[in-house]
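Asker: build me a model from this:
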Amino acid sequence: LSVGASDDNTGNVKSGTDWTMETSMENIKTVYFNDSIDSYASILSTIYYSSSPDYLNYNLNTNNLTAQVVSISSGHSTTVRIPGKITYLDPNTNISTIYTVTSIGASAFYNKTNINTVTISAPIYYIGFAAFSGTTNITSVTLPDTLTTLGTYGGNTDTFFRCGMTSIEIPRQMTYIGRRTISGCANLQTVTFAPNSICHTIARWGMENNPSLTTMTLPDSLVTIETQSLKGCPLLASITIPRNVTSIASQTFSPSSSLSTVRVDIDKLGTNYFPTQLGSSSIGGESVSNVVGYKIFSGSGQLTQGIV
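Answerer: As a prediction, the model looks like this:
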């Protein structure tokens, strides 16, 4: 009878770097598992920590010393402050360790209707699915410059779905506004993008059904505006389509009862989903009474926009 055994990280004696049984020279990872087992490493290195001063609950990653906000306990203040760093005191060793807060997990504040303000001072790069969905009484959310991702790329993100905020600025490093990211927000009036934004896509339903939205400033980096991404915004009266946009889906704005003026690069006239002429025309599924053309004129090394 031959029994495989190991003295490295598949056994109990010492830490090593492989899955090979020394007595039989079998690699048990290829025999019993597949590569997805590596994903469990983060689970084994995670500590759940409840912070009493701010009522926030965290998952702490002991490998890279980062923390994710996963929920908030009852009894919290109407103002939520997410810190940049937290200190965890290990009850077993009595050793304190500092963790950097880098993300907010899925549904972390879902349906927390007693929150009014969220202040994020942490270097957050990721906010998960439906993190602030249903926070109908939030009036103010300030997103950090470090933010790169909201929800899951390609699927519904619902990050601020039915959120009560009145305005929001999309941070510069955000490249993609996913499905229902900022959608169904009854009080939202203004959406802007930070200077030098690199956002290239607003996905389907990305900013739909915001009945109070009156002001929308799209970034020059924008390339794609997907179908129904701005539908159901009846107070949006005018919008400028950046010159780098190559695709506007046929139902982008429909229905939008107040949209009357759309400014487009005249070089795009007649291409797919753009008006064929200036004046009265149709764009993004909406008939608008005033299609205005603009053209970028170069001079002295700078770009200036001229209305035609």
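Asker: only C-alpha atoms from now on, for both contacts and neighbour counts.
Answerer: Fine.
Asker: and the helices in the protein?
Answerer: 28-32, 40-44 (DSSP state H).
Asker: comparing those helices, which yields the minimum mean pLDDT?
Answerer: Among these, helix 40-44 has the lowest mean pLDDT, at a mean of 49.
Asker: run through the protein and note the low-pLDDT ranges.
Answerer: The chain contains residues with pLDDT under 70 at 1-19, 21-45, 153-155, 256-257, 294-308.
Asker: who's in contact with the residue positioned nearest the centre of it?
Answerer: In the chain, the centroid-proximal residue (Cα atoms, centre = their mean) is residue 150; its distance is 1.5 Å. By Cα atoms under 8 Å, 6 or more residues apart in numbering, the contact list for residue 150 reads 126-129, 157, 159, 177-178, 181.
Asker: which one of the residues you listed sits closest to residue 197?
Answerer: residue 177 (12.1 Å; Cα to Cα).
Asker: list the beta-bridge partners for the closest one.
Answerer: Under DSSP bridges, the beta-bridge partners of residue 177 are residue 202.
Asker: number of nearby residues for it?
Answerer: Residues within reach of residue 177, counting by other Cα atoms under 10 Å, total 26.
Asker: run a quick neighbour tally on residue 64.
Answerer: 11.
Asker: kindly report the same for residue 288.
Answerer: 21.
Asker: touching, it and residue 278? I think so.
Answerer: No - using Cα atoms under 8 Å, residue 288 makes no contact with residue 278, being 10.5 Å away.
Asker: and stretch 205-215, how far apart are its ends?
Answerer: 17 Å (Cα to Cα, to the nearest Å).
Asker: can you tell me what sits against that stretch?
Answerer: Taking Cα under 8 Å, 6+ apart as the rule, stretch 205-215 contacts 177-191, 226-237.
Asker: from those, which land in strands?
Answerer: Members of these lying in strands (criterion: DSSP state E): 177, 190-191.
Asker: got these as JSON lines, with distance to residue 208 columns?
Answerer: Below are the ones in strands among the contacts of stretch 205-215 laid out as JSON lines (distance: Cα to Cα, whole Å):
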{"residue": "177", "distance to residue 208": "12"}
{"residue": "190", "distance to residue 208": "13"}
{"residue": "191", "distance to residue 208": "12"}
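Asker: where do the strands of the stretch 101-250 of the chain begin and end?
Answerer: Assigned by DSSP state E, counting those that start in this stretch, the strands in the stretch 101-250 of the chain fall at 117-120, 126-127, 140-142, 149-150, 167-170, 176-177, 190-193, 201-202, 215-216, 224-225, 238-240, 247-248.
Asker: may I have the strands that pair with the fifth one, each with its orientation?
Answerer: Its sheet considered, strand 167-170 pairs with strand 190-193 (parallel) by DSSP bridges.
Asker: pull the CA atoms of the partner strand into PDB?
Answerer: Below are the C-alpha coordinates for strand 190-193, written out as PDB (Å, rounded to 0.1, in the frame of the first residue of the first chain):
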ATOM      1  CA  THR A 190     -27.600  67.200 -12.800                       C
ATOM      2  CA  VAL A 191     -25.100  64.700 -14.100                       C
ATOM      3  CA  THR A 192     -21.600  65.800 -15.000                       C
ATOM      4  CA  PHE A 193     -18.200  64.200 -15.700                       C
END
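Asker: list the buried residues of that strand.
Answerer: For strand 190-193, a neighbour-count test (16 or more other Cα atoms under 10 Å) marks 190-191, 193 as buried.
Asker: so which of those is the closest to residue 110?
Answerer: For those, the nearest to residue 110 is residue 191 (21.8 Å; Cα to Cα).
Asker: is it true that the closest one touches residue 169?
Answerer: Yes - the criterion here is Cα under 8 Å, and residue 191 meets it with residue 169 at 6.0 Å.
Asker: common neighbours of these two, please.
Answerer: Here residue 191 and residue 169 share no contacting residue, scored by Cα under 8 Å, 6+ apart.
Asker: please list the outside residues in contact with stretch 263-277.
Answerer: Under the criterion Cα under 8 Å, 6+ apart, residues 239-243, 247-250, 281-284, 291-296 lie in contact with stretch 263-277.
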